[in-house]
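J.: sharing a sequence plus its predicted fold:
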Amino acid sequence: MTDSLIPRRAALALLNAVTIEHRLLSECAALLAPLDAPQRARAQRLALSVLRAAGRADRWLKPHLKKRPPVQVQNALRLGVVEIAEGAAPHGVVNDIVALLADSKRTAAFAPLANAVLRKGADLPQQWGKLALPQLPEWLRGPLREAWGNSAINAMERAHFRGAPLDLTVKADAAAWAEKLGGLLLPTGSVRLASAGQVSALAGYDTGAWWVQDAAAALPVKLLGDVRGLRALDLCAAPGGKTMQLANAGAQVTALDLSAGRLGRVAENLARTQLQAEAVQGDALEFATGGWDVIVLDAPCSATGTIRRHPDLPQARDGAEIGDLIDLQARMIDHALTLLAPGGRLLFCTCSLLPDEGEVQIEAALERHLGLRVEAPTAPFIEDDWRSPEGGLRLRPDYWPSLGGMDGFYMAVLRAS
């Protein structure tokens, strides 16, 4: 087996897992286990590129196919099209795609078709940018169109197609680290790297000077202002970005998470960054210790705000779970409010683009709880377009287009009477 065939085979297996078995890439680690680190990285990059550009690849393929082939074959063709379009040597790509199809009884009959079709792609690098951008599936596009309008949806899809840079939250002196790493200091204080390569090889990783955290995900904790000395509870804490922010800001932090494995990641991140927090495994709805000055609830959600870095999500999910998530979020808000000290604050946030998982949740909570109010955020970096009528902030992937975008996020600070 050639060196190039190994990661391409793994990438195809990942694509099939997402599009046929409807698994998220994060659930497919076993498919990459036999590969060495560089092969794993390449397979993941290939799979992400194809998932991000699948709709565009299908547009190019359609006139070259009498009818759409089985999904496994379509994925192999997509892989070949995207690689050639992005500048890979066509001859090697075609040979490997043909070999991958020929190697399976299910797809061997389609190997000659792949050979014939992909050999027509010599001009793909020149034609690629002229093809229409991929669109979100209708289960998501419909609700987002209703919420934000066609223009916003088109802008979000452009942002999704571009992908995401790497953002870092720095413990101290972000400007100096931006210069040292050759990155950009964002208005909110995060450091953005356009092309980071291997994260663990970057300066400052071993010494725990920073951690990876999208700029939008780093904003909620910043809304709390000075938290020095406050007792803070981070519900649903893994992987620990907000826990580390709170600890770095001087709060006395307890990190709670249902999963022992995910809580282990929090502990690892705390150890690397040399920050202190108590880690507790437990169900957020059953946690009974009260008297917290600050509670952070980054609630389970559809994660639709993270598609520019997780293009597998629209294809692995169909929206069927969103109703249950909305109910869970409401119950978590209600329970978290019972754990606050008098005058304490609840920071609610979700990495969702759906108002039902953000703005609507806060409006409903205010109706359920007499005396509850939203604290209007006052941080100087907040842009007017981010503010939503009920008092929270709405971030979208099409914001900051000249800076590289941001994840979709909703956040609001609630103060109990």
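T.: Yep, that arrived.

J.: tell me the domain ranges of the chain?
T.: Domains of the chain are assigned by automatic domain parsing as 5-130, 214-415.

J.: any idea how far apart the tips of the first one sit?
T.: Just to be clear, that refers to domain 5-130. 29 Å (C-alpha to C-alpha, to the nearest Å).

J.: buried stuff in the top strand by length along the chain?
T.: The longest strand of the chain (DSSP state E) is strand 340-350. Using 16 or more other C-beta atoms under 10 Å as the test for burial, strand 340-350 gives Leu340, Gly344, Arg345, Leu346, Leu347, Phe348, Cys349, Thr350. Just so you know, the C-beta spots here come from the backbone N, C-alpha and C atoms, and that holds for glycine as well.

J.: pipe those into a markdown table and attach distance to Phe110 per row.
T.: Formatted as a markdown table, these follow (distance: C-beta to C-beta, whole Å):
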| residue | distance to Phe110 |
| --- | --- |
| Leu340 | 60 |
| Gly344 | 61 |
| Arg345 | 58 |
| Leu346 | 55 |
| Leu347 | 52 |
| Phe348 | 49 |
| Cys349 | 46 |
| Thr350 | 42 |
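
J.: of these, which is the nearest to Leu166?
T.: Leu166 has its nearest neighbour among the buried residues of strand 340-350 in Cys349, at 20.9 Å by C-beta to C-beta.

J.: ok, that closest one - contacts?
T.: Residues near Cys349 by C-beta atoms under 8 Å, 6 or more residues apart in numbering: Pro220, Val296, Leu297, Asp298, Ala299, Phe409, Tyr410, Met411, Ala412.

J.: go again with 7 Å.
T.: Counting by C-beta atoms under 7 Å, 6 or more residues apart in numbering, Cys349 touches Pro220, Asp298, Phe409, Tyr410, Met411.

J.: with Arg192 instead?
T.: So Arg192 contacts Pro165, Asp167, Gly183, Leu184, Leu186, Ala215, Gly404 (C-beta under 7 Å, 6+ apart).

J.: got it, and Glu157?
T.: Leu133, Pro134, Gln135, Leu136.

J.: may I see the buried residues of the strand or helix carrying it?
T.: Assigned by DSSP states H and E, Glu157 belongs to helix 150-162. The neighbour-count check on helix 150-162 (16+ other C-beta under 10 Å) flags Ala152, Ile153, Ala155, Met156, Glu157, Ala159, His160, Phe161 as buried.

J.: buried sites along whichever helix or strand comes after the longest strand of the chain?
T.: Following strand 340-350 in sequence order, the next helix or strand is helix 359-368 (DSSP H and E). Neighbour-count burial for helix 359-368 flags Glu359, Val360, Gln361, Ile362, Glu363, Ala365, Leu366 (criterion: 16+ other C-beta under 10 Å).

J.: do stretch 377-393 as well
T.: Buried residues in stretch 377-393 (16+ other C-beta under 10 Å): Pro377, Ile382, Trp386, Ser388, Glu390, Gly391, Gly392, Leu393.

J.: before we move on, back to that, nearest to Asp257, of the contacts of Arg192?
T.: Checking these one by one against Asp257 (C-beta to C-beta), the nearest turns out to be Asp167, at 22.2 Å.

J.: packing partners for whichever strand or helix holds the closest one?
T.: Using DSSP H and E, Asp167 sits within strand 166-170. Contact here means 3 or more C-beta pairs under 7 Å, 6 or more residues apart in numbering; DSSP states H and E; on that basis strand 166-170 packs against strand 191-193, strand 210-212.

J.: how does it look with 8 Å?
T.: helix 174-181, strand 191-193, strand 210-212, helix 215-222, helix 241-248 (3 or more C-beta pairs under 8 Å, 6 or more residues apart in numbering; DSSP states H and E).

J.: what strands line up against it, and which way round?
T.: strand 191-193 (antiparallel), strand 210-212 (antiparallel) (DSSP bridges).

J.: same list (these) but as a markdown table, adding mean pLDDT and distance to Leu372.
T.: Listed next are the strands paired with strand 166-170 as a markdown table, based on pLDDT from 0 to 100; distance: least, C-beta to C-beta, whole Å:
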| stretch | mean pLDDT | distance to Leu372 |
| --- | --- | --- |
| strand 191-193 | 97 | 35 |
| strand 210-212 | 97 | 32 |
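
J.: Lys62: which of the ones you listed is closest?
T.: strand 191-193 (36.7 Å).

J.: which residue is nearest the centroid of the chain?
T.: Geometric centre of the chain, nearest residue: Thr306, 3.2 Å, by C-alpha atoms, centre = their mean.

J.: confidence score at that residue?
T.: The model reports Thr306 with a pLDDT of 97.
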